[in-house]
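Enquirer: No sequence on hand, only this structure:
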Ligand code: AHG
Ligand code: MN
Ligand code: MN
């Protein structure tokens, strides 16, 4: 069939890939495809702003304003505005919940998709030219179309995600996403202004030897099993790799194998990462690649959220590594 041939061809544009997938659902009215296109568009705008980050700092230092005369804003706030604007104009989202917004942002009441977003992940790395990202999830509303979105619409478990993914603004910019039928990665070709399929059907190694954790704060890890697992990593001479941008750490581990850990700490008893904006999306992504994501007791995707901004411990990556961590937690 032509559509499936297009879907797996390296070099096919994201737009074409989305369209060919849409054709497999004859009842589709294209709303979901529009939503993905809007996310991709906003990410290109954010990519452009990120590439100017150093320059803006210099201009700011000599008291200049940008071309539009705007006062410069922090990049994570700017990214939030860019995604909200694109999704609002596209009309395919009924609401957004964002790490940068306290409550629900209502958009088109006649649309059926809710977007949860961490517009700029790894913001402490912006100033130092290190990879950062955007993380997103898409849910279907529960309430009737035409009404305002309520909290119950938003507080759905990760297993209810219709799609999820991330954009990595790195040595190249990539958009990686899933709709529950495998995981595909697209690289941004700036001269064409297009994402092209570069990493079809991504699979994570079931076992590997890289671990990613902020070990500098290990004295504040509250579960003894974490220390047992970290000792296991050292005894086996695993490589420690920690960028401090969740998207970048997960992306590397997806492609090379590895485990990422952000456990509960004395200062963050529920861990630091947000369930709705970071953990759920990346758990869906990593599971689609054959990996695993847990809070140490429960599959991340099965957690019933009670608040939009709630946090969770996160252990995610290669299947056997996450299982070894779980064993260390149980046995200690
Ligand atoms: P954000 O920039 O969206 O606030 O997220 C930062 C997160 C995540 O990207 C990263 O892995 C983690 O914070 C780093 O935390 P530590 O500095 O405590 O290691
Ligand atoms: Mn983040
Ligand atoms: Mn953020």
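Expert: All right, it came through fine. Bear in mind that the values here come from a model prediction, so they are computed numbers and not experimental data. Numbering: from 1, shown residues only. Ligands and ions are numbered 1, 2, ... in the order given.

Enquirer: Could you use CA atoms for every contact and neighbour count after this?
Expert: Fine.

Enquirer: Just the endpoints, please. Distance across stretch 104-120?
Expert: Using CA to CA, to the nearest Å, one end of stretch 104-120 lies 18 Å from the other.

Enquirer: Residue 197 - that's part of a strand, no?
Expert: Yes. With DSSP: H, G, I helix; E, B strand; the rest coil as the criterion, residue 197 is assigned to a strand.

Enquirer: Give me the distance between it and residue 113.
Expert: Residue 197 is 25 Å from residue 113, by CA to CA.

Enquirer: middle-most residue in this protein, spatially?
Expert: residue 135 (2.6 Å; CA atoms, centre = their mean).

Enquirer: That one: what's it in contact with?
Expert: 117-121, 164-167, 247, 277-278, 281-282 (CA atoms under 8 Å, 6 or more residues apart in numbering).

Enquirer: so which strand or helix has it?
Expert: Using DSSP states H and E, residue 135 sits in strand 132-140.

Enquirer: tell me which parts of the stretch 1-150 of the chain are close to ligand 1?
Expert: Applying CA under 6 Å from any ligand atom, one finds that the stretch 1-150 of the chain approaches ligand 1 through 118, 120-123.

Enquirer: re earlier: return the subset of the contacts of residue 135 lying in strands.
Expert: 117-121, 164-167 (DSSP state E).

Enquirer: if we can go back for a sec, partners of the strand holding residue 135, with directions?
Expert: strand 113-121 (antiparallel), strand 163-169 (antiparallel) (DSSP bridges).

Enquirer: got these as CSV, with mean pLDDT columns?
Expert: As requested, those are arranged in CSV below (pLDDT from 0 to 100):
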stretch, mean pLDDT
strand 113-121, 97
strand 163-169, 98
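
Enquirer: Out of these, which gets nearest to ligand 3?
Expert: strand 113-121 (4.0 Å; CA to the ion).

Enquirer: is ligand 3 contacted by that closest one?
Expert: Yes. Shown here: strand 113-121 in contact with ligand 3 (CA under 5 Å from the ion) through 118, 120-121.

Enquirer: For ChimeraX, write the selection for the buried entries among the residues you listed.
Expert: This is the ChimeraX syntax for the buried subset of the residues of strand 113-121 next to ligand 3, where burial follows 16 or more other CA atoms under 10 Å:
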select :118,120,121
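
Enquirer: can you give me how far the helix or strand encompassing residue 86 is from the chain middle?
Expert: Assigned by DSSP H and E, residue 86 belongs to helix 75-90. Centroid separation for helix 75-90 versus its chain: 16 Å, with CA atoms, centre = their mean, to the nearest Å.

Enquirer: Just the angle for the very next helix or strand once past it relative to helix 75-90, thanks.
Expert: Tracing the chain past helix 75-90, the next element assigned as helix or strand by DSSP H and E is strand 93-98. Interaxial angle of strand 93-98 relative to helix 75-90 (axes from the mean of the first three to the mean of the last three CA atoms, to 10 degrees): 170 degrees.

Enquirer: List the strands paired with the helix or strand just after strand 93-98, with their directions.
Expert: Per DSSP H and E, strand 93-98 leads on to strand 105-106 as the next helix or strand towards the C-terminus. The strands that strand 105-106 pairs with in its sheet are strand 93-98 (antiparallel) (by DSSP bridges).
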